[in-house]
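*Asks:* Pasted the sequence and its predicted model underneath.
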Amino acid sequence: MGPLEPQQRSIEARKLRTDAAQANFLEPLPAHPENGDENTYVDRINSYTKGLPHDDDGIVDPVAYDALINALKSGNPADFDVIPMGFGNFKLRNPQAAYSYFMEGKDPHSYTMPAAPKFASAWQASEAIEVMWQALTRDVPFMNYGSSGLIQDAVNDMNNMSDFRGPKDGNNVTSQTLFRGIGVGETVGPYISQFLLQPIPFGAMTVEQKYKVPTANSINDYLKNYADWLLIQNGGKLSEDAAFKEYYEEPRYLFNGRALAEYVLKDFVFQAYLGAARIIRGYGSNAYDTNDPYQSEAAEARSPLFGNNHALDFIGRVSMGSQNVAWFQKWLVHRRARPEVFFGRVHNHLTQEDINYPIHGDALNSSALIKVRELYGTYLLPTATPDGSPLHPTYPAGHAVMAGAAVTMLKAFFNGDFVIENPVIPSEDGTELIPYEAPEGEPPLTIESELNKLGSNISLGRDVAGVHYRTDGDLGMALGEEYAISVLRELVKTYNEDFAGWTFNKFDGTPVLVSKEGVFFN
């Protein structure tokens, strides 16, 4: 039964797939710009080398690096097996994922992004100093950002950066814009998205968003001394005592940077977005997209399509593809070193007379370096994890590409203009949620603004942990957004319903319509 005979259905199904493949094939192939640092610096001071053997100055063994490049060029699994490794406690994180194909959306190699900041640039300096301040302020409660002297020090220093590209109020960084994302609405309201605070309806139970949180204690900062830093670059592992992490006895809400860092170090790929989808579903029918074909149906209701199952499918559907897209850029284009490496270069530049790196003055003159030296006696970046960053290049962040993709799918599915009532904020110690009292004239929190904020909480939360830069997050989210639009473009043609298409705003505010007729940016 149905409008098509089995053979006709088979022909239509094949045509749907071949048309999608042809449309993707006909798109111009993009260029893949990179910053040139790999060729500029023969000692690879800004290239990914973690896990390979290094000398006492943290410079990679050139034989090992050449072997890595040879394996990446050939794609031969056997070539990866002969890359010389350091201590071998940690292995390279799946570089062969960069070659994988995907059957939905454009090919992972068909997306592009700007070149990462150059090692010697003011842009790089601003990114690095922001990460250092995120480390130094981990224990400041978010609700105290407006009154904290340490936060004001960070604000003042970031305003001294000559090429800082994060959000500002006019021309200035403020305590309200500090460490926030660049999407529409992200500087409004509490730092943490409502979707990381509100209880999650989870089947027959409700999950309170309290998490295992490390104490506000410098014992929970790692790689503060040079021996530990070098050991980790060589693929070693800290001793049990050095890697010890102290936690509060009772779980807490995400009330400070250290809590957020721990969340993003322990989360699974779509955890935050799964929770968001469940929370939004609980807001009722008006939270669904205004083009939802079942908003005013007399005889039909949404499910499985356009209902909760569909929303959950959306975020799961982009979880693997987003990583394929990220891994191509990480391993086969940019190979950018992590922030911990940059500060290893800063430390050696400032403490060894025979080392002179082209580090921009905005970094060298930063008050953050004075502060970290006073605390720990080095210029190294204190990370929130004893392992430091994971063993894959920093740009873009896999978390960020997933964030951009998942948030885009959810914005397409739900009504971005829906106002979230009764917003909350964590208490000063994170033990409870209290009502958020918005300043007079502040715009309301909406599904769109809080989803944008959610994506940045996850992607920039990795910066707070000390394992990524802002561009890894902001530009990684834009990359994930582009991937998600490509997926939506194919999915929208699979529905039988009389459906006008998915509508949402990009992170930069550009309105988008993804319909059966195509993708339109208004």
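*Replies:* Structure's in. What do you need? Numbers count the residues shown, from 1 in each chain.
*Asks:* where along the stretch 51-200 of the chain do the helices fall?
*Replies:* With helices called from DSSP state H, counting those that start in this stretch, the stretch 51-200 of the chain shows them at 62-74, 77-80, 122-136, 149-159.
*Asks:* One more: the stretch 201-350 of the chain?
*Replies:* Taking DSSP H, counting those that start in this stretch as the test, the helices found in the stretch 201-350 of the chain are 226-233, 257-266, 271-281, 308-329, 339-351.
*Asks:* Take the second one, keep the C-alpha atoms, and write them as CSV.
*Replies:* Once non-C-alpha atoms are left out, helix 257-266 reads as follows in CSV (Å, rounded to 0.1, in the frame of the first residue of the first chain):
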residue,chain,number,x,y,z
GLY,A,257,35.8,27.9,35.6
ARG,A,258,37.3,24.8,37.3
ALA,A,259,33.9,23.2,37.4
LEU,A,260,33.3,23.9,33.7
ALA,A,261,36.8,22.7,32.9
GLU,A,262,36.1,19.4,34.6
TYR,A,263,32.8,19.0,32.8
VAL,A,264,34.4,19.4,29.4
LEU,A,265,37.3,17.1,30.2
LYS,A,266,34.9,14.3,31.2
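*Asks:* For it, buried residues please.
*Replies:* For helix 257-266, a neighbour-count test (16 or more other Cβ atoms under 10 Å) marks Gly257, Arg258, Ala259, Leu260, Ala261, Glu262, Tyr263, Val264, Leu265 as buried. Heads up, the C-betas are built off the backbone N, CA and C, glycines and all.
*Asks:* now for these, which pair is the farthest apart?
*Replies:* Among the buried residues of helix 257-266, the pair separated by the greatest distance (Cβ to Cβ) is Gly257 and Leu265, at 12.1 Å.
*Asks:* about what we covered before: could you dump the buried residues of helix 257-266 to CSV with pLDDT?
*Replies:* As requested, these are exported to CSV (pLDDT from 0 to 100):
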residue, pLDDT
Gly257, 99
Arg258, 99
Ala259, 99
Leu260, 99
Ala261, 99
Glu262, 99
Tyr263, 99
Val264, 99
Leu265, 98
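*Asks:* any idea which of the residues you listed is the one closest to Asp66?
*Replies:* Leu265 (32.1 Å).
*Asks:* number of nearby residues for Ser459?
*Replies:* Using other Cβ atoms under 10 Å, Ser459 has 30 other residues around it.
*Asks:* still on that earlier bit, wait, which of the helices of the stretch 201-350 of the chain is closest to Arg373?
*Replies:* helix 339-351 (8.6 Å).
*Asks:* CA atoms only: put that closest one into PDB for me.
*Replies:* What follows is helix 339-351, C-alpha atoms only, in PDB (Å, rounded to 0.1, in the frame of the first residue of the first chain):
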ATOM      1  CA  PRO A 339      48.600  26.300  24.300                       C
ATOM      2  CA  GLU A 340      50.800  24.300  26.800                       C
ATOM      3  CA  VAL A 341      53.400  24.200  24.100                       C
ATOM      4  CA  PHE A 342      53.300  27.900  23.400                       C
ATOM      5  CA  PHE A 343      53.900  28.700  27.100                       C
ATOM      6  CA  GLY A 344      56.800  26.200  27.100                       C
ATOM      7  CA  ARG A 345      58.300  28.300  24.400                       C
ATOM      8  CA  VAL A 346      57.600  31.500  26.400                       C
ATOM      9  CA  HIS A 347      59.200  29.900  29.500                       C
ATOM     10  CA  ASN A 348      62.400  28.900  27.700                       C
ATOM     11  CA  HIS A 349      62.600  32.300  25.900                       C
ATOM     12  CA  LEU A 350      62.500  34.100  29.200                       C
ATOM     13  CA  THR A 351      64.700  31.800  31.300                       C
END
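*Asks:* Use 13 as the first number for this chain going forward.
*Replies:* Let's use 13 as the start, then, which means that last one is helix 351-363.
*Asks:* Quick one: list the elements packing against the helix or strand just after it.
*Replies:* Sequence-wise, the next helix or strand downstream of helix 351-363 (DSSP states H and E) is helix 373-376. Where contact means 3 or more Cβ pairs under 8 Å, 6 or more residues apart in numbering; DSSP states H and E, helix 373-376 is packed against helix 134-148, helix 351-363.
*Asks:* Comparing these, which comes out most buried?
*Replies:* helix 134-148 (a mean of 25; mean count of other Cβ atoms under 10 Å).
*Asks:* could you give the angle of it to helix 351-363?
*Replies:* Orientation of helix 134-148 against helix 351-363 (axes from the mean of the first three to the mean of the last three Cα atoms, to 10 degrees) gives an angle of 100 degrees.
*Asks:* model confidence over helix 134-148, on average?
*Replies:* If you average the pLDDT over helix 134-148, you get 99.
*Asks:* what inclination does that helix have with respect to helix 161-171?
*Replies:* 170 degrees.
*Asks:* same for helix 134-148, what does it pack against?
*Replies:* Using 3+ Cβ pairs under 8 Å, 6+ apart, helix 134-148 sits against helix 161-171, helix 351-363, helix 373-376, helix 379-388, helix 459-476, helix 482-503.
*Asks:* Let's see that with 6 Å instead.
*Replies:* helix 373-376, helix 379-388, helix 459-476 (3 or more Cβ pairs under 6 Å, 6 or more residues apart in numbering; DSSP states H and E).
*Asks:* For Lys528, find the nearest of those.
*Replies:* helix 459-476 (23.7 Å).
*Asks:* what angle separates the closest one from helix 134-148?
*Replies:* Going by the same axes, to 10 degrees, helix 459-476 makes 90 degrees with helix 134-148.
*Asks:* What's the end-to-end length of stretch 500-515?
*Replies:* One end of stretch 500-515 to the other measures 11 Å (Cα to Cα, to the nearest Å).
*Asks:* Report the backbone C-alpha coordinates of stretch 400-412 in CSV.
*Replies:* Taking Å, rounded to 0.1, in the frame of the first residue of the first chain, the C-alpha atoms of stretch 400-412 are listed here in CSV:
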residue,chain,number,x,y,z
GLY,A,400,47.7,18.2,29.6
SER,A,401,46.1,18.3,26.2
PRO,A,402,45.1,15.2,24.3
LEU,A,403,47.4,13.9,21.6
HIS,A,404,46.0,15.5,18.5
PRO,A,405,46.5,19.0,17.0
THR,A,406,44.6,21.9,18.6
TYR,A,407,43.0,23.6,15.5
PRO,A,408,40.0,23.2,15.3
ALA,A,409,38.7,21.8,18.6
GLY,A,410,36.7,18.6,18.1
HIS,A,411,34.4,19.7,20.9
ALA,A,412,33.8,23.0,19.0
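*Asks:* Could you tell me the average pLDDT over it, please?
*Replies:* Mean per-residue pLDDT for stretch 400-412: 99.
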